[in-house]
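Asks: Sharing a model that was predicted from the sequence below.
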Amino acid sequence: MTNGPSLSNPPLGYTAPPFPSLYWPIKPLPGTSVYLYETDDIWRFTLYWSLILFAGFHLASGIYAFCMMPSKMSLGIPIVFAIVGGMQATMAGSLVGVIIGAVFKAGTFQLIFKTKNARERSRLTSLFLGHFRMSTWIPLVWGTINVLVLVLSSFSLQGGL
């Protein structure tokens, strides 16, 4: 039992939202916002979005490669691209998901105030800590960043150094 407020724990009755649980983030209606509090949920959402986005881009590029040189031998190109994309997505999504989950948990810590007034203690806690929760849009954004890094790294960039 702690002596002070702890924002590192999810609210009472919290259950992990179903995937994808996206909501309109601009002026959401009350009760429609969905947040992630657990590192496992953050990792899982980031991994799923990375798998979906990587599969889409790799399948599109595999189909494009097949269309450039159609033959019976090149029928397996989209499948190979999808498998490679799945492996890359698993590595990138897992790594990024664990990192943003760890950063999220590192930002939530316990703080004990020596005030008797619960209202003042709550106000001070909100002032110093904020309420740490992660929108379900953040894993989608990081999955998109993963794909964009992959696309940018596929081009050969030559500098004038």
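Replies: Everything's here; your move.
Asks: For the rest of this, base every contact and every neighbour count on C-alpha atoms.
Replies: Noted.
Asks: looking at the chain, which helix or strand does the model trust least?
Replies: helix 118-129 (a mean of 53; mean pLDDT, DSSP states H and E).
Asks: In terms of secondary structure, what does the following helix or strand past that one contact?
Replies: Per DSSP states H and E, helix 118-129 leads on to strand 134-135 as the next helix or strand towards the C-terminus. With contacts taken as 3 or more C-alpha pairs under 8 Å, 6 or more residues apart in numbering; DSSP states H and E, strand 134-135 sits against strand 35-36.
Asks: Give the other helices and strands that the strand it packs on contacts.
Replies: Packed next to strand 35-36, using 3+ C-alpha pairs under 8 Å, 6+ apart, are strand 134-135.
Asks: Which SSE is immediately downstream of the strand it packs on?
Replies: The element immediately downstream of strand 134-135 (helix or strand, assigned by DSSP H and E) is helix 137-153.
Asks: Using neighbour counts, pick out the buried residues of that next one.
Replies: 137, 138, 139, 140, 142, 143, 144, 146, 147 (16 or more other C-alpha atoms under 10 Å).
Asks: farthest-separated two in those?
Replies: 137 and 147 (15.6 Å; C-alpha to C-alpha).
Asks: Give me the distance between residue 34 and residue 41.
Replies: 12 Å (C-alpha to C-alpha, to the nearest Å).
Asks: If you count surrounding residues, which of those two has more?
Replies: Using other C-alpha atoms under 10 Å, the more surrounded residue of residue 34 and residue 41 is residue 41, with 22 against 18.
Asks: contacting residues for the more buried one?
Replies: Neighbouring residues of residue 41 by C-alpha atoms under 8 Å, 6 or more residues apart in numbering: residue 16.
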